[in-house]
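S.K.: Sequence and computational prediction follow.
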Amino acid sequence: MKLVQFYYKHDPERRLRVGSLENDGSINVLEAGITAKEVIELPQIALTNGNIERCKLEDVKLLPPLTNPEKIICIGLNYYDHVIESNMEVPKVPVLFPKFNNCLAGNDDEIVIPWEVEQCDYEVELAVVIGKTAKRIPLESAMDYVFGYTIMNDVSARNIQLNEPQWTRGKAIDGFAPLGPWIVTADELPEPGRLEISLRLNGETMQQSSTKELIFDIPYLVSFLSNTMTLKPGDVISTGTPPGVGMGRRPQVWLKPGDVVEASVEGIGTLRNTFIAE
């Protein structure tokens, strides 16, 4: 199932709706008032409230597939080649930093580059969505707690991130976590550790790799995080970015107003955003 959040383009109140995207491009719309997080918490909602109505994808504006996760946990330096291009050491444990709900943006949303961000960078990432409460989960059962997968662009203000003792302020800017375009449930992606991942900037491929190159894989991350914090349904773990970021290029490449970024993961799709000036 592809789980989407959206509002009807003809709805002046822009009320949030949830549905499942079908192979023919239509959306099976669930009962009004339900959020994607509630579907994840109580998957029977999708069965008891399905087939209320149907609509076409072109008739809706897609929102982030999650708008109210309790936690957005990002993993830094999780591809070997990205560690090298960042001139940093290979981490012995996962490098963690948070993003928050203010950072979320949806597919085709415009992302504002604030005036103080002089070095705005892109980072395509596979994001894991937790499906049930997880605390001290052993490695061998970690995947039982995954609901599905989506795409995140971990937009980063390098001139802030790398000039302060920790990364949060350069990472948690409004709109700097585009997410989507939907959540693909785990049953449709049985091998998330072997997915092609890429990013295009104005049509030019900048990042190209596979999730098999992750230093810390998905089961390890879920188990590791659950040992120190309770993971809740709807929590997002963004697994890190492969090489090719703007910071690592010579000359360096920074996002500018008018740039179009397309972040893609095999089996999920493409998350597209345009960047604009404040």
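M.R.: The structure has been received and is ready for your questions.
S.K.: CA only for contacts and neighbour counts going forward, please
M.R.: OK.
S.K.: This protein: helices as residue ranges?
M.R.: 36-41, 44-48, 80-85, 158-161, 168-171, 218-226 (DSSP state H).
S.K.: Could you list the domains of this protein?
M.R.: 2-62, 72-277 (automatic domain parsing).
S.K.: Give me the helix or strand of this structure that scores worst on average pLDDT.
M.R.: helix 44-48 (a mean of 60; mean pLDDT, DSSP states H and E).
S.K.: Now for residue 122, how many residues are close by?
M.R.: By other Cα atoms under 10 Å, the residues close to residue 122 number 27.
S.K.: re earlier: could you tell me the least trusted of the domains of the chain?
M.R.: Across those, domain 2-62 has the smallest mean pLDDT, namely a mean of 87.
S.K.: Tell me the gap between that one and the middle of its chain.
M.R.: Counting by Cα atoms, centre = their mean, to the nearest Å, domain 2-62 is centred 19 Å from the centre of its parent chain.
S.K.: Could you do stretch 226-244 as well?
M.R.: Using Cα atoms, centre = their mean, the offset of stretch 226-244 from its chain centre is 10 Å.
S.K.: Can you measure across it, start residue to end residue?
M.R.: Length of stretch 226-244, first residue to last, Cα to Cα, to the nearest Å: 30 Å.
S.K.: which ones are touching residue 183?
M.R.: Contacts for residue 183 (Cα atoms under 8 Å, 6 or more residues apart in numbering) come out as 1-4, 65, 129, 148-150, 268.
S.K.: what do you get if the cut-off is 6 Å, keeping everything else the same?
M.R.: 2-3, 149-150 (Cα atoms under 6 Å, 6 or more residues apart in numbering).
S.K.: I'd like those as TSV, with distance to residue 251 and neighbour count appended.
M.R.: TSV is the format used below for those (distance: Cα to Cα, whole Å; neighbours: other Cα atoms under 10 Å):
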residue	distance to residue 251	neighbour count
2	39	20
3	39	25
149	33	27
150	31	31
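S.K.: Tally up the residues packed near the residue lying closest to residue 89 once chain neighbours are set aside, please.
M.R.: Nearest residue to residue 89, sequence neighbours excluded (Cα to Cα, 6 or more residues apart in numbering): residue 83, at 6.6 Å. By the criterion of other Cα under 10 Å, residue 83 has 19 neighbours.
S.K.: Residue 276 now?
M.R.: Neighbour tally, residue 276, other Cα under 10 Å: 16.
S.K.: Contacts only, for it.
M.R.: Contacts of residue 276 by Cα under 6 Å, 6+ apart are 112, 257-258.
S.K.: Are any of those buried, and if so which?
M.R.: residue 112 (16 or more other Cα atoms under 10 Å).
S.K.: Roughly how far does the residue nearest to residue 149 when sequence neighbours are not counted sit from residue 240?
M.R.: Spatial nearest neighbour of residue 149, excluding adjacent residues (Cα to Cα, 6+ apart): residue 128 at 4.7 Å. Separation of residue 128 from residue 240 (Cα to Cα) stands at 11 Å.
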